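Q: got a structure for you, letters missing:
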């Protein structure tokens, strides 16, 4: 079940679509609504034309949520640096919204259930659309309790979709038929029905935020050139952008690391940061949280998350889509949120409802209690493996059961965070008393928490585990006894390849022996004992296979969880007390908290000094190593790992151990082929051991000050020890003071001077921000659908090609086309920065497409690296150079792939890049949810091989020329229809066209989602 962030306001791009849109009469649900009301309030049935979504639309109904005061802790703010008291509302578009919001209740088809929510002391919090007032047994079974009913109906996560549909039901963007589909979820979800969804807000980080703001600025220019009102290009829902992806670990093991790394961050990214600051002023309803504040998802959890909105007296659940796949972390707070591509988020910002396939929901029951010494990280890696095996792609996962009471909110957020790794759209934890306690801990006011509880209880969205619980209806069920979870890691190349800690040494040796793959390095037996000796700053040093060269406490997955952060500090303290140190100074150790709160409680506990003694100094407040911003290894270490420093010839399989969420090869660092995900305490333990080739149950970690061996059990804290430190060290005032200060920015950010113009002045010489070519030569007439004729295969892939392979975020290799481009423009190698930081420049990102140094292209017959074969000449070229030659010669290209194509981060450049290279279609066994929709959004055709078929079974080598037969009229194309692909060798096969909704076909007709939005805004 696939979710796409596309508009359901329009089901078509021409009048021919209208007849294809389902228009149904009201069901029994609405009859019961009429009976529940004191007087008939449901409007009479519309005509067929009126019930259907037409092509035209009124800006008055693009969003129920325009520019509104900030909820977070009573602070109304836009850009933290400016401390403006309100988000500006000068836009004529937003003013029109304000004029219409007051009348929306009367326009709503469900105004009969608009109910007041009383305050305990008198008055009311506001009004809300009451789900119980529908009195529909398909929503909950209260009406049948007397009949000893043992099950509830709608999952909590589906209730959020239902409430949104009811609240936004104007029989235009959202119809009564859409509401009926959601109410009837148990029957409709297996049928892949399409519904609209309007998230309450959008969340961005800077790697994806910069290209999003670039696109918005470029769209303003396009509107201007086509005679439209450029001010229509403004976010119509609250947008929060947290700058957290730019800091790199250039300086580590230093008391001055935070300041030094931030200074380097600003030196490299001053232009990008200035551009984002311009955007925060030029666009309404956009808040930018400056660098050095924390990781976007931890800031969202601790501060930005509302749980319940109160907008103009209307209460409704918080919901969010974000341009980072780990937006799902907020699901742990009971807020429905998931990741989308940047281009999809831009459409949502501009008032386009999301079109999504109504998902199935997997009920995941938790029981029991975690064993002593087992961490939340161990739990999430276990859950990830279970759900990956069960198969939850495109589904919601909803957690419930008696074990919920044993999990802190931070533990839940850890599990929710890794939804992309287990493949689900959401890993949802409904709000309960634990949620309310966390809201108070993190500084939300008592009045706000009271409002949240009252609303959710009144709307049957609150779980009270002190009351008897009925089984809820789910699409499928899983169960985990928490007592069965054991300490573990995941790796060496995928997050769902879990390894129990006690089996780690044996698994490592198996990986050395096995053929190259996700669990193999194919190191010959005679080479497995190899030792690379070198000099590290005058000190004798050596590396072996499995030597740890990076040990990083990093990533929102874990840094938001006090139990594992303080647990890591206790490991460091116990080691120091025993005289055990990280004795290998060439191990790059680092600590990157997700917010300033972490620093406060580490200092409060008195434990930060022990982390410092072990080399885990704080290096910055951002994602760092988890996204590949691990910085350079020392030259001597790099030379010891590789042959003469080339990353394509390895002497040693070096290891990184990190508390992250992704460990695909080439992501963490180019020189660490083995990358293991572990809890922060285990990161410290492996840094002390210096190798992953160790059995912690039997082998000593090192020698203590008394000359005796020190074992893992000697330094591992108990669950009770950790709980005591958490209880005494994590205090509400820490959250309040941290987020009060966040609105003040920092000196370097505040000193950035930016223009006030609403249209951006593009600098053609900029290597960071460049005007993209998406709208050049654009006219008001859609180009229509395109097939493919005699295309060459640009790349031929196997399974699990990730967005890191397609569009790497890490360092720019010195010999790459992107490096050549930068050098030609006078940029020194030391100033290359990363691909992620240069996503505002299409010239660099096109050159960085398929530039991952570990990418495996079958056309190269076993050779690894970012090159391909130019089929007409047989030359081996960089992918960019080959694609350029094809484009120059007027030849189309396609990509062939295996299963799970596009898995990993929700990276819009993984679709934009191939489009700029001239790729017209991708034929794969299966696609990751977000990436498939991104391809459609950029006008690339996604095709799936038929079940049981792939390139190998069909005998395709990639040296053929391919033609894809698509109708010339979009009205003749159906979602999921069969398409014939033929080759110049006479082979022909059938694929499934993965346009999953009518809306996607409309976008394809327009050449992509952004041209579509521009044309609609101009026309209406």
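A: Yes, it's here. These numbers come from a predicted model, not from an experiment.
Q: what pairs with the residue nearest to residue 860 when sequence neighbours are not counted across the strands?
A: Spatial nearest neighbour of residue 860, chain neighbours left out: residue 867 (6.4 Å); criterion: C-beta to C-beta, 6 or more residues apart in numbering. (C-beta placed from N, C-alpha, C; glycine too.) With DSSP bridges as the criterion, residue 867 is bridged to residue 878.
Q: helices of the stretch 201-350 of the chain, start to end?
A: 206-225, 257-282, 296-299, 342-349 (DSSP state H, counting those that start in this stretch).
Q: return the most buried member of those helices.
A: helix 296-299 (a mean of 31; mean count of other C-beta atoms under 10 Å).
Q: test my guess that the residue nearest to residue 860 contacts residue 880.
A: No. Assessed by C-beta atoms under 8 Å, residue 867 is found out of contact with residue 880, at 9.9 Å.
Q: looking at the two, which one has more neighbours?
A: Neighbours per residue (other C-beta atoms under 10 Å) separate residue 867 from residue 880, with residue 880 holding more: 25 against 22.
Q: contacts only, for that one.
A: 817, 846-847, 849-851, 917 (C-beta atoms under 8 Å, 6 or more residues apart in numbering).
Q: swap in 6 Å and give it another go.
A: Residue 880 makes contacts with 817, 847, as judged by C-beta atoms under 6 Å, 6 or more residues apart in numbering.
Q: just the pLDDT for it.
A: Listed pLDDT for residue 880 reads 98.
Q: name the element it belongs to?
A: Element membership of residue 880 [criterion: DSSP states H and E] is helix 879-888.
Q: again with residue 949
A: Per DSSP H and E, there is no helix or strand for residue 949.
Q: quick one: the residue nearest to residue 860 and residue 876 touch, right?
A: Yes. Using C-beta atoms under 6 Å, residue 867 makes contact with residue 876 at a distance of 5.5 Å.
Q: neighbours of residue 709, how many?
A: Considering only other C-beta under 10 Å, residue 709 is surrounded by 11 other residues.
Q: surely it meets residue 700?
A: Yes. Contact status for residue 709 versus residue 700: in contact at 3.6 Å, counting by C-beta under 6 Å.
Q: could you list the low-pLDDT ranges of this structure?
A: 1-106, 141-152, 644-649, 743, 906 (pLDDT under 70).
Q: by how many degrees do the top strand by length along the chain and helix 879-888 diverge?
A: Looking across the chain with DSSP state E, the single longest strand is strand 788-796. Orientation check (axes from the mean of the first three to the mean of the last three C-alpha atoms, to 10 degrees): strand 788-796 against helix 879-888 gives 170 degrees.
Q: what helices and strands are in contact with the next helix or strand after strand 788-796?
A: Where DSSP H and E defines the elements, the next helix or strand beyond strand 788-796 is helix 803-806. Applying 3 or more C-beta pairs under 6 Å, 6 or more residues apart in numbering; DSSP states H and E, one finds that helix 803-806 contacts no other helix or strand.
Q: wait, a helix at residue 911?
A: Yes. The assignment for residue 911 (DSSP: H, G, I helix; E, B strand; the rest coil) places it in a helix.
Q: tell me which of the helices of the stretch 201-350 of the chain lies nearest to residue 435.
A: helix 296-299 (16.4 Å; C-beta to C-beta).
Q: quick check: closest non-adjacent residue to the residue most central in space within the chain.
A: When C-alpha atoms, centre = their mean is applied to the chain, the residue found nearest the centroid is residue 325 (1.0 Å). Distance criterion C-beta to C-beta, 6+ apart; nearest residue to residue 325, sequence neighbours excluded, is residue 339 at 3.6 Å.
Q: for the one you found, give its distance to residue 1010.
A: 19 Å (C-beta to C-beta, to the nearest Å).
Q: how near is the residue nearest to the centre of the chain to residue 340?
A: On the measure of C-beta to C-beta, residue 325 and residue 340 end up 9 Å apart.
Q: all strands for the stretch 301-450 of the chain, in order.
A: Assigned by DSSP state E, counting those that start in this stretch, the strands in the stretch 301-450 of the chain fall at 308-311, 314-317, 319-322, 336-339, 354-357, 361-367, 396-400, 426-428.
Q: brain fart, the stretch 851-1000 of the chain
A: Using DSSP E, counting those that start in this stretch, strands in the stretch 851-1000 of the chain cover 867-870, 875-878, 893-896, 919-924, 941-945, 961-965, 978-983, 988-993.
Q: can you list contacts of the last one?
A: With C-beta under 6 Å, 6+ apart as the contact definition, strand 988-993 has outside contacts at 943-946, 954, 976-982.
Q: share the number of residues neighbouring residue 604, please.
A: 16.
Q: work out for me the element it sits within.
A: Using DSSP H and E, residue 604 falls in helix 596-605.
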